[in-house]
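Asks: What follows is a predicted protein model with its sequence.
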Amino acid sequence: MRNALVAALLFSAASTARADVTRCAGGDAAVAYAVDDLPTQSGDTGWFPSGYVAQLRLTGEIVGKTTVAMGLAPTACWDHGMVVATPGEAKSGMLDVEYGAALHLLGQIHTSVLGQSIDWSGEIPIPVLPTDLELAGTTTFDPILLPDSTVKSASVSDTTSPITVISTNILGNIIDITGISGGLYVTVQGAMTSTYTTTAVSIGDDGVITSATGVATVAAPAAGFGPMLAVAASATGNVHYAPSLVFAANFDVKILGIRVVNWQIASISMPLSAIDRPISLSGSGAQIGLPHIDILPQQLGFANGASQPLQLHNGGAAPLMIEVASAPSGVTAEAVTIAPGADGVVQVTAADPSSVGSAALVLSTNDPNNPSLTVALDPSSSGQSNTPPDGEPSGGCNASGGGSGLLLAGFALVALVKRRRA
């Protein structure tokens, strides 16, 4: 999903390649959230069926875990100040859910048999529920910020087949009433739909992006941008849970051989409210490579010929792109791209070297600290003079002369390269 221009910026280019000055670069940042529980979500069927002397009641709690993860592609652009957008990597989003239900079965019998009063209530033990009751699902999604937060980013649903909670025809094993017999059968069918929506992406401490087209502004450090831009990225979102438990039951009770009740209900729903859970996704952030000119050229001399090399070094972690913005009449220069950490040459040619100097050569670059370079052209000197980015004079040679001047310029260039590489 990343812009094609950004992809072009990130390729490893030879120093003689054509430069299309693109002031954008990108990186990768994975963010994730995982929790092993849900907010308290309990349900209670109440006593059923109404009006019967033998009733059941089911209570339950949904338990489980949720994982949300997604890949972001923080993209920095600096045409007018440094801004960062956060497109998502296609299909890198993942929503994974796994839930179960903790159930309790209660019973009560209030009647009389052969003149004997029966008043019993208690919890009926449930055997371990089979793993088939588990509700689970995984889906992928495109992690984009949506302008309408009601539009769902990702949704996963699961429904179980009816699962046996308890099945027995020996009530005396589970209900402490003398002379009781009969059977108890309860099944449950579970369903859960979980939906995740991204609401915002944060860049650093203050930048908050709330739409697919939003950007966050990054202030330039006092010393300017370096070869890398560290981008701390995180996201916030919401998971919407919609659980459902539906039971079927049959309760057949005899006491001393006399049938008290025999009822069957095909559907008893346990009220479970939907839950909205705000979540935060965090990660290690991204490192975005930037181009960085180590030494700024100030002047280029033409005393030794009509075509002169303008030496540059890219101390950054992204390709440095340079092309001509304006030049004096009769002066031409090649556009170049200099690979990260490499030296490069802009070959400047003057049709008439003796006439240069009436106007400066202006170069356009994609260095966020130096979007343009102004280089004075001097017909009477040889070599180039430079200024480091902090403004302190460094290197170069302005001597106008013959071979000895050229030799001195060569030694100065060697010393300059050693200092840069140190």
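Replies: Happy to help now that I have it.

Asks: pLDDT below threshold where in the stretch 51-200 of the chain?
Replies: Low-confidence segments of the stretch 51-200 of the chain (pLDDT under 70): 129-132, 146-152.

Asks: and stretch 114-121, which residues are buried?
Replies: By neighbour count on 16 or more other Cβ atoms under 10 Å, the buried set for stretch 114-121 is residue 118. Where C-beta positions appear, they are placed from N, C-alpha and C, glycine not excepted.

Asks: how far does it sit from the chain's center?
Replies: From the chain centre to the centre of stretch 114-121 is a distance of 64 Å (Cα atoms, centre = their mean, to the nearest Å).

Asks: cool, and stretch 301-314?
Replies: Stretch 301-314 sits 46 Å away from the centroid of its parent chain (Cα atoms, centre = their mean).

Asks: Any buried residues in that stretch, and which?
Replies: Buried residues in stretch 301-314 (16+ other Cβ under 10 Å): 301, 302, 303, 304, 308, 310, 311, 312, 313, 314.

Asks: Who are the contact partners of the closest residue to residue 247 other than its chain neighbours?
Replies: Closest residue to residue 247 apart from its sequence neighbours, by Cβ to Cβ, 6 or more residues apart in numbering: residue 268 at 4.5 Å. Residue 268 makes contact with 45, 48, 58, 246, 247, 248, 249, according to Cβ atoms under 8 Å, 6 or more residues apart in numbering.

Asks: Look up how far residue 168 lies from residue 268.
Replies: As defined by Cβ to Cβ, to the nearest Å, residue 268 lies at a distance of 19 Å from residue 168.

Asks: ditto for residue 180
Replies: With Cβ to Cβ as the criterion, residue 180 and residue 168 are 12 Å apart.

Asks: What's the local residue count around residue 75?
Replies: Counted with other Cβ atoms under 10 Å, residues neighbouring residue 75 total 24.

Asks: mind checking which helix or strand the spatially closest residue to residue 381 that is not a sequence neighbour is in?
Replies: Among residues not flanking residue 381 along the chain, residue 301 sits closest, at 3.3 Å (Cβ to Cβ, 6+ apart). Assigned by DSSP states H and E, residue 301 belongs to strand 296-302.

Asks: C-terminal to that strand, what's the next element?
Replies: Going down the chain from strand 296-302, the next helix or strand is strand 307-313, by DSSP H and E.

Asks: Contacts for that next one next, please.
Replies: Strand 307-313 has contacts (Cβ under 8 Å, 6+ apart) with 293-295, 297, 300-302, 320, 322, 333, 338, 342-350, 375, 384, 413, 416-417, 420.

Asks: hmm, 6 Å instead?
Replies: 294, 297, 300, 302, 343, 344, 345, 346, 347, 348, 349, 420 (Cβ atoms under 6 Å, 6 or more residues apart in numbering).

Asks: So which of these are in strands?
Replies: Counting by DSSP state E, the contacts of strand 307-313 place 297, 300, 302, 343, 344, 345, 346, 347, 348, 349 in strands.

Asks: other SSEs contacting the host helix or strand of residue 251?
Replies: Residue 251 belongs to strand 233-255 when assigned by DSSP H and E. Applying 3 or more Cβ pairs under 6 Å, 6 or more residues apart in numbering; DSSP states H and E, we find strand 233-255 packed against strand 29-35, strand 54-72, strand 180-203, strand 258-270, strand 275-281.

Asks: Using CSV, write down the CA coordinates of stretch 279-290.
Replies: Output of stretch 279-290 as CSV, limited to C-alpha atoms (Å, rounded to 0.1, in the frame of the first residue of the first chain):
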residue,chain,number,x,y,z
ILE,A,279,-7.4,-1.5,23.5
SER,A,280,-3.9,-0.1,22.9
LEU,A,281,-1.5,-1.8,20.4
SER,A,282,2.2,-1.1,21.0
GLY,A,283,5.5,-2.1,19.4
SER,A,284,9.1,-1.2,18.9
GLY,A,285,8.6,1.5,16.3
ALA,A,286,10.4,2.1,13.1
GLN,A,287,13.8,3.5,11.9
ILE,A,288,13.4,5.5,8.7
GLY,A,289,16.6,6.1,6.8
LEU,A,290,17.2,9.7,5.6
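
Asks: Enumerate the positions of that stretch that are buried.
Replies: Quick answer for stretch 279-290 (16+ other Cβ under 10 Å): 279, 281, 283, 285, 286, 288, 289, 290.

Asks: Since that was my last question, I'll sign off now.
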